[in-house]
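**Q** The amino acid sequence is not available; the structure is as follows:
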């Protein structure tokens, strides 16, 4: 999947190059023991209303897309994004939208926490759609969810890579 992915700009090309090198190593690229490891995430959309779902990430102190780490033995980025998205939102009808293509690859710095040092996520990103936006249920109280327009999402996030993903989704909404 990463080999076929075409980066959209120089920054993404550099990140994709690092991810391709990571995947070529003999170690499990999903292993949390590596200072750079794969993760999978998704921006969830409700196409009829052109809204996107954001989740508050306490550790990052930011409104972001949903997603996370693969469980031991998992290697399919889309399956991981789907599982993580359902766990974090309670949405059970999620489907890739408008298809199952990777929409962005980005390396994200993660700050240190009590239980782990600072590290990086090589995040493989998808877009998933729901037909039941009112069915959202936050995974935990400190991880609220909110439906917003793409313009509102741009205002809420301070992350340039998420703003880029939002721009790509906006183009998908336009067909």
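**A** On my side now, so go ahead. Predicted model, so just to flag it, every value in this text is computed and none were measured.

**Q** Now do the same for the residue nearest the centre of the chain: its pLDDT.
**A** Centroid-nearest residue in the chain: residue 41, 2.4 Å away (criterion: Cα atoms, centre = their mean). Per-residue confidence (pLDDT) for residue 41: 98.

**Q** Just give the nearest non-adjacent residue to residue 168, would you?
**A** Excluding its sequence neighbours, the residue lying closest to residue 168 (Cβ to Cβ, 6 or more residues apart in numbering) is residue 103, at 5.8 Å. For the C-beta atoms, the positions are set from N, CA and C on the backbone; glycine is no exception.

**Q** how close does the one you found get to residue 134?
**A** 25 Å (Cβ to Cβ, to the nearest Å).

**Q** Of the two, which one has the most company?
**A** A direct count of neighbours by other Cβ atoms under 10 Å for residue 103 and residue 134 places residue 103 higher, at 20 against 7.

**Q** Which parts of the protein are strands?
**A** Remark: strands assigned in the chain by DSSP state E are 36-46, 51-57, 62-64, 66-68, 95-96, 104-110, 119-129, 145-149.

**Q** of these, which approaches residue 13 most closely?
**A** Closest to residue 13 of the strands of the chain, according to Cβ to Cβ: strand 104-110, at 9.5 Å.

**Q** Model confidence for the residue nearest to residue 100 when sequence neighbours are not counted, exactly?
**A** Among residues not flanking residue 100 along the chain, residue 78 sits closest, at 5.7 Å (Cβ to Cβ, 6+ apart). pLDDT, residue 78: 98.
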